[in-house]
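K.L.:
structure of the sequence below:
(one chain, ligands or ions: 1)
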Amino acid sequence: MKTNPNRRKKGTSELLKSLGPRKVFREGARKFMASFDGSKLSFEYDALIRARSEKDVQTTLRLANRYRIPVTTRGAGTSLTGSASPVNGGWVLDTSRMKRILIRKEKSMAIAQPGAVIGVLQKKAEEEGLFYPPDPSSLKYCTVGGNIACNAGGMRCAKYGVTRDFVVALEGFLPNGEKVTWGGEYKKFATGYNVRDLWIGSEGTLGVITNAVLKLLPKPELTWTSVAAFSSEKRALRAVRSMLKSGLTPSILEYLDQESVYCAEEIAGIRPFKKVGGKPLLLIEFDGSASELRRAKWSVKKWADDWALAFKAARDENEADNLWEVRRKCSGAMFALGEDKLNEDIVVPLESQLKLSDEIKRLRNIWKLPMPTFGHAADGNFHVNIMFDRADSGESSRAEGAVNDLMRTVVRLGGTISGEHGIGLAKSPFLRIARSEAEIAAMLAIKNALDPQGILNPGKVFYPYEVWDETPISVPLPWDKKPILKES
Ligand SMILES: Cc1cc2nc3c(=O)[nH]c(=O)nc-3n(C[C@H](O)[C@H](O)[C@H](O)COP(=O)(O)OP(=O)(O)OC[C@H]3O[C@@H](n4cnc5c(N)ncnc54)[C@H](O)[C@@H]3O)c2cc1C
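P.N.:
Here you go, the predicted model:
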């Protein structure tokens, strides 16, 4: 997007006059920290706006619209695709300070501002005996606005679905600063187009969310965690199919391939089984009432007898927490295999999971890079972690080749290139692999109709961006697991 520097300068000084220096930052550490997200792709931009109210959001958008200044909305900046990085400069609109949460117990709903942190929302719901299931691993930091804009997932999607399944209504602003409300604190609406669902997963390109009505469920009475080791990756994946086919509905069914288990066991020193090591694992969680869990325990133990090499169930919360260590630690431990990680959250249908395991072996052989893979086996959303050293040009170009190959492979297997992280910048070169020209044209028509000036998060999703030339900046991020690894 081409912007006029004079217009941007005039717009920024008017913004500063309207909102004041406590909300608008044209320099300093705070501004720098908002120049990138979890992808560490950093860009120059003119001003950071730390909005405290809807009025601040509206003022920002009205001015941006008048002066045609790009606006990249931002929550916690945990996006792994560069979707919150201001690639076209302009302004970054940070909504993380708008964090009020109201629990409406009688309606089983939460009313949350966009900056509310997911972990805090979950805790508040639990205090009222309620439950907000979407659980991205970044939940200690990431926000309601960011989760809705990325349609975030997590481990519990196996049973409960993704963020979209919990959004009842949205309130916010169109790029021109007009306020809009899509739905309300009611469960049904059939009143015109459902723009709410267009905003979900649109990565901040269609509107700015300032309030969300979210669905809550009754808090499950109990949870039960277990882990199973398998003789091979294929056997583990066959066991997944068998469990789902039998009608069992785990709340979590996480798969760790052999390379991920190696990272957890040999690098991080977490060994779920004393006698069986180095084998692929499934981590399994069920939740529900005591009688539901009694039935599940019986069926799972029988299933494990048929399929697993070893099986272990937690007897209490403490033991359950220990079982999760293997999943928690494997991700950080991967950095021993390569300085840099491309975490590709691809999806394949259940029937293609075995083929995917073969394909990952093929990719490892061709591109000669470690690719520990784990993920949400019940919904086919796997995280293929391509480990490499960006400073090594050979490894860097092999990583590029591997990603390209992987994207084409998952589409060939009937899957898609992102299940929960979105497209942003990192996956924009591959959109055309996953979607047809007609589909992209339809999406662009919507974008152009709702954002005719093209000011909201320009340069994302549709516009192939060359991430390979960008040297990510070196800043320790709070969720960066490297220090944990060094301590152990
Ligand atoms: C360690 C780690 C683990 C992760 N695990 C998971 C996981 O398990 N599952 C998962 O799905 N993701 C995961 N992620 C990715 C990331 O946390 C999610 O994409 C999350 O939804 C981003 O939320 P955020 O508040 O950080 O948003 P940001 O990164 O700030 O922004 C993300 C997108 O949302 C838009 N946006 C933000 N606020 C608004 C708003 N108010 N209105 C409109 N648009 C807005 C931005 O423009 C941008 O396009 C992980 C990331 C990290 C670093």
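
K.L.:
from here on, contacts and neighbour counts on C-alpha atoms
P.N.:
OK.

K.L.:
ok, Ser428 - how many residues close by?
P.N.:
The tally of other residues near Ser428 (other CA atoms under 10 Å) stands at 21.

K.L.:
my read: it touches Tyr465, true?
P.N.:
Yes: using CA atoms under 8 Å, Ser428 is in contact with Tyr465, at 6.2 Å.

K.L.:
domain assignment for this protein?
P.N.:
Domain ranges of the chain: 5-96, 101-218, 222-334, per automatic domain parsing.

K.L.:
distance to Arg390, mean pLDDT and mean neighbour count for those - can I get that in a markdown table?
P.N.:
Putting the domains of the chain into a markdown table (distance: least, CA to CA, whole Å; pLDDT from 0 to 100; neighbours: other CA atoms under 10 Å) gives the following:
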| stretch | distance to Arg390 | mean pLDDT | mean neighbour count |
| --- | --- | --- | --- |
| domain 5-96 | 13 | 97 | 21 |
| domain 101-218 | 24 | 97 | 21 |
| domain 222-334 | 15 | 96 | 19 |
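
K.L.:
Throw the ones you listed into CSV and include distance to the ligand, thanks.
P.N.:
As requested, those are exported to CSV (distance: least, CA to the nearest ligand atom, whole Å):
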stretch, distance to the ligand
domain 5-96, 3
domain 101-218, 3
domain 222-334, 9
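
K.L.:
separation between Met98 and the ligand?
P.N.:
Taking CA to the nearest ligand atom, to the nearest Å as the measure, Met98 falls 9 Å from the ligand.

K.L.:
scratch that, Ser397
P.N.:
Going from Ser397 to the ligand by CA to the nearest ligand atom gives 24 Å.

K.L.:
helix, strand or coil for that residue?
P.N.:
Here Ser397 is helix, with the state taken from DSSP: H, G, I helix; E, B strand; the rest coil.

K.L.:
got phi/psi on Val71?
P.N.:
Per-residue torsions, Val71: phi -130, psi 120 (degrees, to the nearest 10).

K.L.:
start at 20, not 1
P.N.:
New numbering, starting at 20: the last item is Val90.

K.L.:
beta partners of it?
P.N.:
Beta-bridge pairing of Val90 under DSSP bridges involves Trp110, Leu475.

K.L.:
that one and Ile474 touch, don't they?
P.N.:
Yes: Val90 is within contact range of Ile474, at 5.9 Å (criterion: CA under 8 Å).

K.L.:
for the stretch 170-319 of the chain, what spans make up the strands?
P.N.:
Using DSSP state E, counting those that start in this stretch, the strands of the stretch 170-319 of the chain run over 186-192, 198-201, 227-234, 236-237, 241-248, 271-275, 300-307.

K.L.:
all the helices of the stretch 320-469 of the chain, residue numbers only.
P.N.:
Taking DSSP state H, counting those that start in this stretch, the helices of the stretch 320-469 of the chain run over residues 336-352, 372-386, 412-431, 450-453, 456-469.

K.L.:
mind checking if the last one is in reach of the ligand?
P.N.:
Right, helix 456-469. No: for helix 456-469 and the ligand, the contact criterion (CA under 6 Å from any ligand atom) is not met; the two come no nearer than 13.6 Å.

K.L.:
please identify the buried residues of that helix?
P.N.:
Residues Ile459, Lys466, Leu469 are the ones in helix 456-469 that count as buried (16 or more other CA atoms under 10 Å).

K.L.:
try the shortest one
P.N.:
Residues of helix 450-453 classed as buried: Leu450, Ile452, Ala453 (neighbour count, 16+ other CA under 10 Å).

K.L.:
list the contacts of the second one.
P.N.:
Meaning Ile452. Counting by CA atoms under 8 Å, 6 or more residues apart in numbering, Ile452 makes contact with Met426, Arg427, Val430.

K.L.:
which ones are touching the second one?
P.N.:
For Arg427, the residues meeting the contact criterion (CA under 8 Å, 6+ apart) are Ile452.

K.L.:
now it: how far from Ile459?
P.N.:
With the distance defined as CA to CA, to the nearest Å, Arg427 ends up 17 Å from Ile459.

K.L.:
return the distance of stretch 158-167 from the chain's centre.
P.N.:
Between the centre of stretch 158-167 and the centre of its host chain there is 9 Å, according to CA atoms, centre = their mean, to the nearest Å.

K.L.:
quick one: which of the buried residues of helix 450-453 is nearest to Leu300?
P.N.:
For the buried residues of helix 450-453, the closest approach to Leu300 (CA to CA) belongs to Ala453, at 29.9 Å.

K.L.:
surely that closest one meets Thr435?
P.N.:
Yes: the pair Ala453 and Thr435 passes the contact test of CA under 8 Å, sitting 6.2 Å apart.

K.L.:
what do Val90 and Ile474 both touch?
P.N.:
Looking at what touches both Val90 and Ile474 (by CA under 8 Å, 6+ apart), the common residues are Ala83.

K.L.:
would you point out which residue is most central in this structure?
P.N.:
Nearest to the centroid of the C-alpha atoms of the chain, with distances taken as CA atoms, centre = their mean, sits His440, at 4.0 Å.

K.L.:
how close does that one sit to the ligand?
P.N.:
When distance is defined by CA to the nearest ligand atom, His440 is 5 Å away from the ligand.

K.L.:
for Gln372, same thing?
P.N.:
Counting by CA to the nearest ligand atom, the gap between Gln372 and the ligand amounts to 19 Å.

K.L.:
OK, contacts around the residue nearest to Asn476 when sequence neighbours are not counted?
P.N.:
For Asn476, ignoring the flanking residues on the chain, the nearest one in space by CA to CA, 6 or more residues apart in numbering is Thr91 at 4.6 Å. Shown in contact with Thr91 (CA under 8 Å, 6+ apart): Ala103, Ser104, Pro105, Gly109, Trp110, Val111, Leu112, Gly223, Leu475, Asn476, Pro477.

K.L.:
quick revisit: what sits against the residue nearest to the centre of the chain?
P.N.:
When contacts are counted by CA under 8 Å, 6+ apart, His440 touches Ser98, Leu99, Thr100, Cys169, Asn170, Ala171, Asp364.

K.L.:
wait, Gly357 sits on Phe407?
P.N.:
Yes: in this structure, Gly357 sits in contact with Phe407. The criterion is CA under 8 Å, and the distance is 4.6 Å.
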